[in-house]
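J.: Sequence plus predicted model, see below.
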Amino acid sequence: MAGFNKVVDTYEQAMAGLSDGMTVIAGGFGLCGIPEGLIEQIKQMKTKELTFVSNNCGVDDFGLGVLLQDKQIKKMISSYVGENAEFERQYLSGELEVELTPQGTLAEKMRAGGAGIPAFYTATGFGTPVAEGKEVKSFDGRNYILEESITGDFAIVRAWKADKIGNLVFRDTAMNFNPMAATAGKITVVEVEEIVEVGELQPTEIHTPGIYVNRIIKGQFEKRIERLTLAKN
Amino acid sequence: MALSRDQIAMRVAQELQDGYYVNLGIGIPTLVSNYVPTDMEVMLQSENGLLGMGPYPTEENVDADMINAGKETVTAVTGASIFSSAESFAMIRGGHVDLTVLGAFEVDQNGNIASYMIPGKLVKGMGGAMDLVAGAQNIVVTMTHADKRGNSKLLESCTLPLTGVDCINKVVTDLAVMSIKDGSFHLLERAPGVSVEEIIEKTAGKLVVPDHVPEMKV
C-alpha cells in the first residue's frame, strides 16, 4: 500500500498520462526554479500540440525553449517571451500562438484556478490591448477587467525539499510561480532537489501542503544562470 | 546640459523617503538604488518575489536561485523576505508599494503610459509593468524627453499601445521634472543649464509653465 507516498522512481512514471493537446502549467521565472528534468522528459516523449502556461519560455537550448526544437508547443501563455531565436522565428511565422498576459494577472490566474475561483476583476490591463473582449466593471469609481483563471491537465513544479507525502519547501527566489502552479494542475508533478522523511519538515515551514501534489521525483539540476551580474570590486 | 542616465537616477532618488518600499524597473530605474541617501532606509521590491533586494553578489556568493525581476543574480539584505509571485503582485496590486519607478516609450498629458510594445517590432511582453502601473499610487517615469530624432515622448495622447491609463503623476527626463494633473504636464524643475524654451519645444503635450522654474539639484 502506497498510502500517501507520492515518490516515483522514473521520469516516465512522473509524466505518465501526458498526451497531445494538453495544457501544462509550469513553475519558474526565466531559468530560475524550472523543473529541468520534467521538461527534458516531455521532450523525450515528443508530445505535441501542447499549451504551456509559464511566465517565460526559456532560452534556445534550456528550459521550455528545448520543446520548440521539435515544435511540441502550440501555444504559450506568458508575460515575457522572446529570449530565444527559435521562439521568435516560430512566433513571427505564425507556427506558435502567444497569449501575452501581465505577470501579476498570470500568477493570480494560476492561484485562482487552483483555488476554484473561475474569474476575478483586476485593474491591471484596463484600457490596454489586454482588455480587448473582456468585461469591464466599475467598483468605487475605478474600472476593472474580468480575467478568467487557469487550470492545467498537468502542472510541473520545481521545489527544494519535499517529504514523501508531497509537502513542499521552495528555495529562495526559485519559489516564484511554483506554489501557484502546484495548485492548478489536475496532476501536479514536482521535481525536487531533496526528498526527506515525513516529519522532517516543520508543519509551519511548509510552503505548499501535500494535498496539491500527486507525484514527486528527485531530480538533478544544472541551475543555469541567465544573467550573471557581480558586485564591482 | 541634458542629464546623464546616472543624473536622472540621482534626481529620482530625491523622491525617496525614509521607510519606503520601492519597486525599480529595468534600466535607469535600477540605477536609483546607487543613490539612496545614506541617512535613509528603503526596501527594494523585486516582483518575482523578493522584498529586501541587496546588491549584486561577489563571485563566491553567486546563487542561481537568487535573482531579481531582470533575471540578474542578486543578494538579499538582512530582514528580506521571499515569497511567491502571487504574493508579490498582491502587494503591488493592493497598493502596498510606496514608490514605483519605471521607464517608458511615451507618456501623455492624461497620465497614460506606453512602455511595452512597438507595433511592427517583435513583442516580447509586458512582464509586470501593467500590474505595477495599475497597482502603485505613486509612480515616477524616467525617460529621455525626446527620441533620437528629436520627437517628443511627452504627448497629448500616446500613439503606442498603452501599458496603463491615467496612472502616471510624475516624469523625470534628461531635461525636466514634471507632474501630470488635470490633463496637463506641469513643469516643476529644469536640468541645470537647460532653458525653459527648449523644454517647451520638446514637449508635445500641453505644458503648464510657472513664472519661475528652479534648476534640479543633481
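T.: In hand now; what should we look at?

J.: and the closest residue to chain B within chain A, what pLDDT?
T.: Going by C-beta to the nearest C-beta, chain B is nearest to A:Gly104 of chain A, at 3.0 Å. The way it works is simple: take the backbone N, C-alpha and C, and place the C-beta from them, glycine included. pLDDT recorded at A:Gly104 is 98.

J.: likewise the one 10 residues further on?
T.: Listed pLDDT for A:Gly114 reads 98.

J.: What distance do you get for it to A:Leu18?
T.: Look at A:Gly114 and A:Leu18: by C-beta to C-beta, to the nearest Å, they are 19 Å apart.

J.: Return the residues in contact with the most centrally placed residue in chain A.
T.: Closest residue to the average C-alpha location of chain A: A:Ala26 at 1.8 Å, with C-alpha atoms, centre = their mean. A:Ala26 makes contact with A:Ile34, A:Pro35, A:Ile39, A:Phe52, A:Val53, A:Ser54, A:Leu64, A:Ala155, A:Ile156, A:Val157, A:Phe177, A:Ala181, according to C-beta atoms under 8 Å, 6 or more residues apart in numbering or on different chains.

J.: buried set for stretch B:23-31?
T.: The neighbour-count check on stretch B:23-31 (16 or more other C-beta atoms under 10 Å in any protein chain shown) flags B:Asn23, B:Leu24, B:Gly25, B:Ile28, B:Pro29, B:Thr30, B:Leu31 as buried.

J.: Say whether chain A is contacted by that stretch.
T.: No. Using C-beta under 8 Å from any C-beta of the partner chain, stretch B:23-31 stays clear of chain A, with a minimum separation of 10.3 Å.

J.: So B:Met178 sits against B:Ser184, correct?
T.: No. The criterion here is C-beta atoms under 8 Å, and B:Met178 misses it with B:Ser184 at 9.3 Å.

J.: Please identify which of these two sits among more neighbours.
T.: Ranked by neighbour count (other C-beta atoms under 10 Å in any protein chain shown), B:Met178 and B:Ser184 place B:Met178 first, with 27 against 15.

J.: The more buried one falls within a helix, correct?
T.: No. B:Met178 is assigned strand when assessed by DSSP: H, G, I helix; E, B strand; the rest coil, not a helix.

J.: For chain B, which segments are assigned as helices?
T.: Taking DSSP state H, the helices of chain B run over residues B:5-13, B:28-31, B:85-93, B:129-135, B:196-201.

J.: Which helix or strand lies directly C-terminal to the lowest-mean-pLDDT helix or strand in chain A?
T.: None of the helices or strands of chain A scores lower by mean pLDDT, DSSP states H and E than helix A:85-92, at a mean of 89. Using DSSP states H and E, the helix or strand that follows helix A:85-92 towards the C-terminus is strand A:97-100.

J.: Mind checking if that next one is in reach of chain B?
T.: Yes. For strand A:97-100, a contact with chain B is found by C-beta under 8 Å from any C-beta, at A:Leu100.

J.: Note down every partner strand of that strand and its orientation.
T.: Within its sheet, strand A:97-100 is paired with strand A:73-78 (parallel), according to DSSP bridges.

J.: got the angle between the partner strand and helix A:85-92?
T.: Calculated by axes from the mean of the first three to the mean of the last three C-alpha atoms, to 10 degrees, strand A:73-78 forms an angle of 100 degrees with helix A:85-92.

J.: centre of the chain versus strand A:73-78, how much separation?
T.: 12 Å (C-alpha atoms, centre = their mean, to the nearest Å).

J.: how about that strand as PDB, C-alpha atoms only?
T.: Extracted in PDB, the C-alpha atoms of strand A:73-78 (Å, rounded to 0.1, in the frame of the first residue of the first chain):
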ATOM      1  CA  ILE A  73       4.300  23.800 -28.200                       C
ATOM      2  CA  LYS A  74       1.200  25.100 -29.900                       C
ATOM      3  CA  LYS A  75       0.500  28.000 -27.600                       C
ATOM      4  CA  MET A  76       2.300  29.900 -24.900                       C
ATOM      5  CA  ILE A  77       0.500  31.900 -22.200                       C
ATOM      6  CA  SER A  78       3.300  34.100 -20.700                       C
END
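
J.: Other residues contacting that strand?
T.: For strand A:73-78, contacts defined as C-beta under 8 Å, 6+ apart pick out A:21, A:48-57, A:64, A:67, A:96-101, A:106, A:150, B:125.

J.: How about stretch A:86-101?
T.: So stretch A:86-101 is contacted by A:57, A:60, A:65, A:68-69, A:71, A:73-79, A:81-82, A:109, A:130, B:122-123, B:125-126 (C-beta under 8 Å, 6+ apart).

J.: Just among the contacts of A:Ala26, which is most surrounded?
T.: Of these, A:Ala181 is surrounded by the most neighbours, 37 neighbours in total, counting by other C-beta under 10 Å.

J.: Specify the local secondary structure of that one.
T.: Assigned state for A:Ala181: helix (three-state reduction, three-state DSSP).

J.: Any idea how many residues pack against the closest residue to it other than its chain neighbours?
T.: Of all residues not flanking A:Ala181 in the chain, A:Gly27 sits nearest, at 4.1 Å (C-beta to C-beta, 6 or more residues apart in numbering or on different chains). By the criterion of other C-beta under 10 Å, A:Gly27 has 32 neighbours.

J.: and A:Gly27, what is it in contact with?
T.: Counting by C-beta under 8 Å, 6+ apart, A:Gly27 touches A:33-35, A:54, A:155-158, A:176-182.

J.: if we go to 6 Å?
T.: Residues near A:Gly27 by C-beta atoms under 6 Å, 6 or more residues apart in numbering or on different chains: A:Gly33, A:Val157, A:Arg158, A:Phe177, A:Asn178, A:Ala181.

J.: Filter these down to just the ones in strands.
T.: Under the assignment DSSP state E, the contacts of A:Gly27 contribute A:Val157, A:Arg158 to strands.

J.: Is it possible to get a markdown table of the contacts of A:Gly27 that adds pLDDT and distance to A:Asp9?
T.: Formatted as a markdown table, those follow (pLDDT from 0 to 100; distance: C-beta to C-beta, whole Å):
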| residue | pLDDT | distance to A:Asp9 |
| --- | --- | --- |
| A:Gly33 | 98 | 23 |
| A:Val157 | 98 | 18 |
| A:Arg158 | 98 | 18 |
| A:Phe177 | 98 | 27 |
| A:Asn178 | 98 | 22 |
| A:Ala181 | 98 | 23 |
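
J.: Looking at the contacts of A:Gly27, which is nearest B:Thr203?
T.: Nearest to B:Thr203 out of the contacts of A:Gly27 is A:Phe177 (C-beta to C-beta; 40.5 Å).

J.: coming back round to it: so what does the strand or helix carrying the residue of chain A closest to chain B touch, helix or strand wise?
T.: According to DSSP H and E, A:Gly104 maps onto helix A:103-114. Other helices and strands packing on helix A:103-114, by 3 or more C-beta pairs under 6 Å, 6 or more residues apart in numbering or on different chains; DSSP states H and E, are helix A:178-183, helix B:85-93.
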